[in-house]
Structures are given as C-alpha cells and as structure tokens.
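Enquirer: only geometry, no sequence info:
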C-alpha cells in the first residue's frame, strides 16, 4: 500500500469523529473533500439547519509538519498582527478575509485521533472561490495583488517573531543535496526516458541553485515574513467582484525571502496548463500573465522593495520553478512520501511540467527581464 493510500485510509476512518469534535454533531452533516492539496487533507463541513454552518476541516500531514503546535503559534501572531494593520491599509472598495481557527469543546486548537493524526478547523471564506489554474490576465493581476498585499501587511512584522515551521523549505541547495543523496536510486530509473531526461536537466542547472541564498548571505536580500506557498489555488477570489479577498494555506508562513513568494506566484500564474498538465511538452510560461501579476503585485507592495529586491525577480522565477521540479522528482524517487498522488508516476510528470516551464522561462529571458523592468 502506498503512503498516500495509507494516509487516506486513516483520514477516512476518523473524518466524522473529527468533525464532531469541532461542533458538527448533527447526523445530517455533509463532509466533502475540498481542493486538490498536495500535502494536507482538506474538507468542507456543512452542518446545522439546512447545512448553513460551514467550516473547513483539515488533517495536518505529520510527515511534513512535525511541529503542528508551531503552526498554530505562528498563526496566532499573524492573525493578531494583520487584524491590527488591516483597517489602515486596505484599499477602498476591497475586502480582505483572514481565516479564524476554531477550538474543540475542551478548548484545544487540535484534535488528535487515535492514529496520531492532527486535525483542526477554521472558518470558511464565504462568497469566494479559488482556481487550480489561471483564468486570464485579470485573474493574474488579482493573484499578484493578493501576494503583494500579504507582503505589505507583514512587512513590519519582525522575522524572529515566527517559528520556522518547515526548516529548509525553499532553500534550494538543500533540495539539491537531498536529490544527490538519492542519485543511486535515480540511476535505477534511468531506463525510463522521462527520468533520464530529468536527471540530465538537473545536472545542467546545478549552478543556479545558490543564487538567492548567496544574495541573502551577502546581505543584498533581507529576511522577511513570507507566505511560502502563494500559488493560484491559495488565493480566494470574490465570486461577484472577481477581486482577491484573501490568501489561505498559511502553514508555511515563516521567515524567508519574498522572492520565494514572488517566484512561486509567477511560476503558478504564468503556466495556464497548471501543475497537473497531462502533456508537459505543451507547457509554456506566458509573459503577458507575468506582466499582469507584477502589475497587481507592485500596486500593493512596491513601496518596501529595495533596488536589489527588484534585480533578483527574474532569478526567482527561474529558480523556484526549477526547485519545485527538483522536489517533485526527488519525491518520485523516494516513493511519493511528501506530495499526495492519485496515480503512479504523477510526481514524475509534475517534475517534467516544472522543468519544461524552466525551459520556457530561459528561452524568453530577455523578454521577461524587460517585462519585469516595465512593471516596476
């Protein structure tokens, strides 16, 4: 049995009981899986009269987040800070919703099931939706605004106030080191044309992995609070106005470089086929979506970025796309222990998608640098 299937079985076994611990005690409660998260298992619970009480129920992936208590500690600090700042910086005509976390009847933030799984519940953002892939330039601009506005909200929050919930996250040299440790395993897959191509692709680009970390070490890029995973599907869009109203999946909020967020947001936004594209060869990085994202981002966050910050934006797009491909491929070699999968070799295909995206970014380097310069 795969790790993913084992986790799913354990999740299903305690799903109803977990919902009850957070208040869904009526027999008519409806629980359905929400989204296509790669790490945690997320559900929408509808209970009460006419199922009008809705909340998010989530089982934290303990193999990824080994200190879930730190996550909640960070979120308490983050929520308090954002609530205090929001009224003074929210642009007119916009709403911005931060999720609220619920307690069990015995006043705990988590319920731990008999198998050791950590469950939590949080508010559901009403009249809003998220998308797995980008819908067009206007959508990209709103995703950019959401990432930029989040950065603006936390720009005065000292990095040391938050715990590092996922040590090594977005430190590309560490991902390369882990891949190197699995290279003997990688060679077993070299008979596969796709795996052999990935191995060759990685070897040709190992020199780029330190670009952001070197700039941090040299003092050119400062440490700030980041979201960590600001992909398209984590930005909530108002169903009527089509404007961004919040950013969710806050478990990876931690100290880091804003370039990890900018690069990840652009990586996600500018690939219209998405992370799960069936034909990686069709994947392309779209410069006009990049232009739209950056327009939205700078409208919210341009004020606190330094000249050096701006100089490394192209590097961040290329690096983070490469990094995610490297992570997908390493997880494929390790037997799919980090990212949830629905079918064999899904992580291999995900890696191919990201690596093809890197190729497209590299092929358009001059044009993309011009887009970045014009957007500022």
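Expert: Yep, it's here. Please read all numbers here as calculations on a predicted model, not as lab measurements. Numbering: from 1, shown residues only.

Enquirer: after the helix-or-strand element of the chain with minimal mean pLDDT, next one along is what?
Expert: Every helix and strand in the chain was compared by mean pLDDT, DSSP states H and E; the lowest is helix 183-188, with a mean of 60. Tracing the chain C-terminally past helix 183-188 and defining elements by DSSP states H and E, one meets helix 193-203 next.

Enquirer: Quick check: buried residues in the helix or strand just after that next one?
Expert: Proceeding C-terminally, helix 193-203 gives way to helix 211-217 as the next helix or strand, assigned by DSSP H and E. Across helix 211-217, burial judged by 16 or more other Cβ atoms under 10 Å covers 212, 213, 215, 216. Using the backbone N, CA and C atoms, a C-beta is placed for each residue, glycine as well.

Enquirer: Ok, stretch 125-141 next?
Expert: Judged by neighbour count using 16+ other Cβ under 10 Å, the buried positions of stretch 125-141 are 125, 128, 130, 133, 134, 137, 139, 140, 141.

Enquirer: Now do the second one, the pLDDT please.
Expert: pLDDT recorded at residue 128 is 95.

Enquirer: Okay, and the beta partners of it?
Expert: Note on residue 128: beta-bridge partners residue 238, judged by DSSP bridges.

Enquirer: That one: what's it in contact with?
Expert: Taking Cβ atoms under 8 Å, 6 or more residues apart in numbering as the contact definition, residue 128 lies against 97, 236, 237, 238, 239, 245, 246.

Enquirer: Would you mind checking those for buried ones?
Expert: With burial judged by 16+ other Cβ under 10 Å, the buried subset of those is 97, 236, 237, 238, 245, 246.

Enquirer: Which of these sits closest to residue 44?
Expert: For the buried ones among the contacts of residue 128, the residue nearest residue 44 by Cβ to Cβ is residue 236; the value is 13.5 Å.

Enquirer: so how far is residue 124 from the closest one?
Expert: Using Cβ to Cβ, to the nearest Å, residue 236 is found at 10 Å from residue 124.

Enquirer: just residue 288 next, same as before
Expert: In this view, residue 288 and residue 124 are 33 Å apart by Cβ to Cβ.

Enquirer: Verify the contact between residue 113 and residue 15 for me.
Expert: No: counting by Cβ atoms under 8 Å, residue 113 sits too far from residue 15 to count as a contact (9.4 Å).

Enquirer: Confirm that residue 314 lies within a helix, as I assumed.
Expert: Yes: under DSSP: H, G, I helix; E, B strand; the rest coil, residue 314 falls within a helix.

Enquirer: who are the neighbours in contact with it?
Expert: With contact set as Cβ under 8 Å, 6+ apart, residue 314 has these partners: 365, 368, 369, 372.

Enquirer: ok, and for the helix or strand hosting the second one, which residues are buried?
Expert: Right, the one you point to is residue 368. If you go by DSSP H and E, residue 368 is part of helix 365-375. For helix 365-375, the neighbour count (16+ other Cβ under 10 Å) marks 368, 371, 372, 375 as buried.
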